[in-house]
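Engineer: Sequence plus the predicted model coming up.
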Amino acid sequence: SGCTIPAAWCEAHHLTPWSRGGPTDLDDGILLCPHHHHLAHDHRYDMQRHPDGTFTFHRRV
């Protein structure tokens, strides 16, 4: 996402939600700032993971 918020200010996010059988391990987790964490849970946005490990958020059409 290009976000530069320090990791200490970020929140843990599971790529596959627990409610959908996601694992509770570090391989399924990422750190997101509060703003991007809200977007990750907002059905109006898509979160795309890139090969370099970064993420971008796009408003759904």
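Structural biologist: The structure has been received and is ready for your questions. Numbering: from 1, shown residues only.
Engineer: what's near enough to touch the closest residue to residue 32 other than its chain neighbours?
Structural biologist: With sequence-adjacent residues excluded and distances taken as Cβ to Cβ, 6 or more residues apart in numbering, residue 32 is closest to residue 13, at 4.9 Å. Yep, even glycine has a C-beta here, placed from its N, CA and C like the rest. Taking Cβ atoms under 8 Å, 6 or more residues apart in numbering, we find residue 13 in contact with 29-32, 37, 40.
Engineer: again, 6 Å this time
Structural biologist: 30, 32, 37, 40 (Cβ atoms under 6 Å, 6 or more residues apart in numbering).
Engineer: Give the bridge partners for residue 55, please.
Structural biologist: Residue 55 forms beta bridges with residue 49, as assigned by DSSP bridges.
Engineer: residues near the spatially closest residue to residue 9 that is not a sequence neighbour, how many?
Structural biologist: Nearest residue to residue 9 in three dimensions, chain neighbours excluded: residue 33, at 6.6 Å (Cβ to Cβ, 6+ apart). The tally of other residues near residue 33 (other Cβ atoms under 10 Å) stands at 17.
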